[in-house]
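Trainee: Structure for this input, please:
(chains A and B)
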Amino acid sequence: MTDTATPLSTARPSMALLVTLQRNRLSWIGLALIAAIVVMAVFAPLLAPHDPIKQNIIDRLEPPSAEFLLGTDSYGRDVLSRIIYGARISLMIGFVAVAIAMVVGSTIGILAGYIGGLFDQIVMGVVDVMLAFPTLLLGLMIAAMLGASLENLIIAIAVTEMAPFARVARAPTIGLKEREFVAAGRVLGFGPLRIMGVHILPNMVSDVVVLGSLWMASAIRTEASLSFIGLGVQPPTPTWGGMIREGFENILTAWWLVVFPSLAILLTVLALNILGDALRDAIDPKLRSENAA
Amino acid sequence: MSEPVLRVEGLQSEFRIGGQWYPAVRDFSLAVEANETVAVVGESGSGKSVTALSILGLLPAVGARIARGSVIFGGRDLVGLSEAELATLRGDAIAMIFQEPMTSLNPTMTVGDQVAEVIRIHRGTSRKAALAEALHLLEEVRIPAARQRLHDYPHQFSGGMRQRVMIAMALACRPKLLLADEPTTALDVTIQAQVLALLNELKQSYGMSILFITHNLGVVAQMADRVAVMYAGEIVECAPVAELFAAPLHPYTEALLQAMPRVDRDSAALHPIGGQVPPLTAMPPGCAFAPRCPLRQPQCERHPPLVPLRLGSGHSLRCFVRAAMESAA
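Mentor: Numbers count the residues shown, from 1 in each chain, chains lettered A, B, ... in the order given. Reported below is the predicted structural model:
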């Protein structure tokens, strides 16, 4: 049988991702972990054995047991239930903040790269100043300025993470705008917005998405850090960072209060990093062929 | 005679090098009649591509400018039109195809969508109607099994096929004028012949004019009705194709023809042209070809104008020495 219509190459990123996943066992673990955490967050009310907010002084600081699998905190709240609900906040903040940072940051980067000249220099100067601040410090300043709330936390993280997206989007834009198909687009009468949106963006979106998965891990860490110092989501809403802060006071007597939320953060960040690496491998053809060899 | 499709008058395009403006194209005047193919020939750096970009208003915004001249197309001077007005013309009434078919298509879009995009922008038709039209165009440029290949990506196409797709995109809105900038240089010879034959055929059926830019004299002989030979940014000779090949007058044209390999001549008889094209920043004040010219005379220290020979022959020449010999004969 001959079938000339079948394309032999796997140039589509989605196909390449599947191939990479097949080859690399570790990336499966990352993907499975992410899936588990997402399921946990989505079905939190069904999975949590106890109410995460209801206080119960009689059962306070119980060590892990059959009733409370991961123990209880100083208000007698079930740690497992709070971790399950906390996944909602962590994932939501991570996802929304990175989505905002990704959209705004890459828009700035593409515009700067495409327009070039003085505009590019000014915008990238501002971006460099933002990059010069440590992420946490900048987030701290913004969160302190705006006040502690869920929305402000998301804004603070999004603003601090915009700069790397602008940088990563700008570099390929400068290369792509010199490519013949962009010149061909201009010759055929395409406007600058169409060229940027239809002809430049799809050719670099993979770079940005890879960066997104890596920075989402960072966003979750920043959220935990800001919550830890009390600038995050306010109690009694369960967040992983907030739980560590509360548990910190009793770390010598009740180790489970700090260890389990820390593990949750660790696993989530690890899983996102593994996934980011797998995405990068899938998209970078050079690394892909090395894997194949 | 009716108004030509394109009339370029005294075009001068300049580039800024080290804070000073240097002309890359000087005193360029050329008319392209309806359904005519005019070839612009010259070696690399002679200003052919800059001329094409100037016509379309596509010179870089910084460091380049059109200093003088006019480009009359459809009764309007394109020099000085706004970017938005030019964009509505490009791809619609004037289209252009490039040298590099391998990289001239967007790798993330199917070829069908790319052809349809041009139609949708300039005609405002629906996606579905535009795709149907794109299919028709791909069949017209002889993409085999066009219906199946409509949804293929550029990397699944060969170089020749991609150039056909580029041609389909350029012709999508039935342009009056096609600028072809070395469209076959990157293709091998058999594919080149096919693409040229296709262009000739489409030119007839669409009734368009072609301004064909090339350094390949063989392609000129196959395609052109008239030829303009460029040297160092200016036209040195312009003549109907048969006359130019039979009786070249400008010493540069002559040298160029002698430097071209031909099947009917011994390859040992090829004569390279000595010396180099003067750089943009050090143009001689007189005839630009004088430093390399075997017929150089004292009067070549002055800049020769492009003068028509014999009324109605359509042959014009930028050379004091040969023009004098012609009028004496």
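
Trainee: Scan the chain for its longest helix.
Mentor: Unless you meant another one, I'm taking chain A. When every helix of chain A is counted residue by residue (DSSP state H), the longest turns out to be helix A:79-115.

Trainee: wait, I meant chain B there
Mentor: helix B:189-206.

Trainee: Show me where the chain has its helices.
Mentor: Since no chain was named, I'll use chain A. Assigned by DSSP H, chain A shows helices spanning A:13-23, A:25-42, A:44-47, A:79-115, A:117-132, A:135-146, A:150-177, A:180-187, A:192-194, A:201-228, A:240-248, A:256-283, A:285-292.

Trainee: meant chain B actually
Mentor: Under DSSP H, chain B gives helices at B:48-56, B:83-89, B:111-123, B:127-140, B:146-149, B:159-171, B:189-206, B:217-223, B:241-246, B:251-258, B:320-328.

Trainee: do you know which of those helices lies nearest residue B:229?
Mentor: With Cβ to Cβ as the criterion, residue B:229 lies closest to helix B:251-258 of these, at 5.0 Å. C-betas here are computed from N, CA, C, even on glycine.

Trainee: Which residues does that closest one contact?
Mentor: Contacts with helix B:251-258, where a contact means Cβ atoms under 8 Å, 6 or more residues apart in numbering or on different chains, come from B:41, B:43, B:217, B:229, B:231, B:236-237, B:244-245, B:248, B:269-271, B:273, B:289, B:292-295, B:319, B:321-322.

Trainee: follow-up on the earlier one: from the contact counts, what lies against the longest helix of chain A?
Mentor: helix A:25-42, helix A:44-47, helix A:117-132, helix A:150-177, helix A:201-228, helix A:240-248, helix A:256-283 (3 or more Cβ pairs under 8 Å, 6 or more residues apart in numbering or on different chains; DSSP states H and E).

Trainee: Would you mark the buried spots in that helix?
Mentor: Using 16 or more other Cβ atoms under 10 Å in any protein chain shown as the test for burial, helix A:79-115 gives A:79-91, A:93-98, A:100-102, A:104-114.

Trainee: where does the stretch 151-293 of chain A dip in pLDDT?
Mentor: For the stretch 151-293 of chain A, applying pLDDT under 70 flags the ranges A:283-293.

Trainee: what does it put close to chain B?
Mentor: Residues of the stretch 151-293 of chain A lying near chain B by Cβ under 8 Å from any Cβ of the partner chain: A:179-181, A:183-191, A:194, A:198-199, A:202-203.

Trainee: List the contacts of the residue most central in space within chain A.
Mentor: Central residue of chain A (Cα atoms, centre = their mean): residue A:216, 1.2 Å from the mean position. Contact partners of residue A:216, counting by Cβ under 8 Å, 6+ apart, are A:94, A:95, A:98, A:272.

Trainee: Kindly reformat the residues you listed as CSV containing distance to residue B:50.
Mentor: Listed next are those as CSV, based on distance: Cβ to Cβ, whole Å:
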residue, distance to residue B:50
A:94, 51
A:95, 50
A:98, 45
A:272, 51
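
Trainee: how much space between residue A:71 and chain B?
Mentor: Here residue A:71 is placed at a distance of 51 Å from chain B (Cβ to the nearest Cβ, to the nearest Å).
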